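Trainee: fold the stuff below for me.
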Amino acid sequence: MKCLILAAGYATRLYPLTENFPKPLLTVGDKTILDWLVDDIDEASLVDEYIVISNHKFANHFENWAKTKKQKVTVVDDGTDSNETRLGAVKDIQFAIEKLNLDDDMLVIAGDNVLDFSLTKFVQYAKEKNTSCIMRYFEPDDKKLLKSGVVTIDEHDKILQMTEKSPTPATHWCCPPFYYYTKGDAKLVQKGIDSGCGTDAPGSYIAWLCTQTIVHAMEMPGKRYDIGNLESYEKVKAEYKGITQ
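Mentor: Below is the predicted model:
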């Protein structure tokens, strides 16, 4: 299985901290955000290659980080150099698939979140379901739902509908940016793009995919810390205690 790490954004809301430095390499506690994610996943020996999808501006930072890791890490430079010219998450995923001729199951994750639970639980869930999968958590704040992917599910966790940033969210089940693609579904990303799925938010591909095949949504077993601005970064640094479950 490959792990694709989405790290091609420019984190403009964290300026000046990220004006010349990538958000995923910011430190939380004694590790970078990427180290927390990769070290956790690697404990289960489920992934044989980590692929960091970067923009051109920050690719060298990720290359230097990759040299410090014992795991196999490949950095893919998508060639963009500004927030205005970014490809968007779904096109970045397809760019990496084509660039590296990927043909495998994939764990696709945002490189700018930390979790207090192990992602191996999510991978195990996906393996048991034998379908592409996402995670979900209950979000009581209506305003936050407007900025998120939202799912409707049945009693077996099957996704009945998923929307991205809908003005009228159907439920309070919100989707964090962590996804599992089966090998077969990873081959459909370009078809999704060609069919008109959104390309900026990574969940847009899943919103399209669940209209084509069965996708399940696991209830998130812990907490996610999203680092969106300077205030949230300071809060995460103060509160995060690592993976506790």
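Trainee: report the distance from the helix or strand encompassing K237 to the chain centre.
Mentor: Secondary structure assignment for K237, by DSSP states H and E: helix 230-239. Here helix 230-239 is found 20 Å from its chain centre; the criterion is C-alpha atoms, centre = their mean, to the nearest Å.
Trainee: what is that helix packed up against?
Mentor: strand 27-28, strand 224-226 (3 or more C-beta pairs under 8 Å, 6 or more residues apart in numbering; DSSP states H and E). For every residue, glycine as well, the C-beta is placed using N, CA and C.
Trainee: T182: which of these is closest?
Mentor: For the helices and strands packed on helix 230-239, proximity to T182 was assessed by C-beta to C-beta; strand 224-226 is nearest, at 23.3 Å.
Trainee: only the buried residues of the closest one, if you could.
Mentor: R224, Y225 (16 or more other C-beta atoms under 10 Å).
Trainee: I'd like the average pLDDT over that strand.
Mentor: Across strand 224-226, the average pLDDT comes to 88.
Trainee: which parts of this protein are strands?
Mentor: Secondary structure of the chain, counting by DSSP state E: strands at 2-7, 27-28, 31-32, 49-54, 73-77, 106-110, 113-115, 132-138, 149-153, 159-164, 173-175, 178-181, 215-219, 224-226.
Trainee: please name the residues that touch P169.
Mentor: D142, L145, L146, S148, V150, T163 (C-beta atoms under 8 Å, 6 or more residues apart in numbering).
Trainee: if we go to 7 Å?
Mentor: Applying C-beta atoms under 7 Å, 6 or more residues apart in numbering to P169 gives the contacts L145, L146, V150, T163.
Trainee: S132 now?
Mentor: Contacts of S132 by C-beta under 7 Å, 6+ apart are Y180, Y181, T182, D185, L209, V215.
Trainee: one more pass at 10 Å, please.
Mentor: Going by C-beta atoms under 10 Å, 6 or more residues apart in numbering, S132 touches 105-106, 108, 126, 159, 179-186, 188, 205-206, 209-210, 213-216.
Trainee: what pairs with it across the strands?
Mentor: V215 (DSSP bridges).
Trainee: for it, give me the pLDDT.
Mentor: 97.
Trainee: do the same with the one 5 residues further on
Mentor: Reading off the per-residue confidence, Y137 sits at a pLDDT of 94.
Trainee: isn't it right next to W173, touching?
Mentor: Yes - between Y137 and W173 there is a contact under C-beta atoms under 10 Å: 7.4 Å.
Trainee: before I go, just wanted to say thanks for your time.
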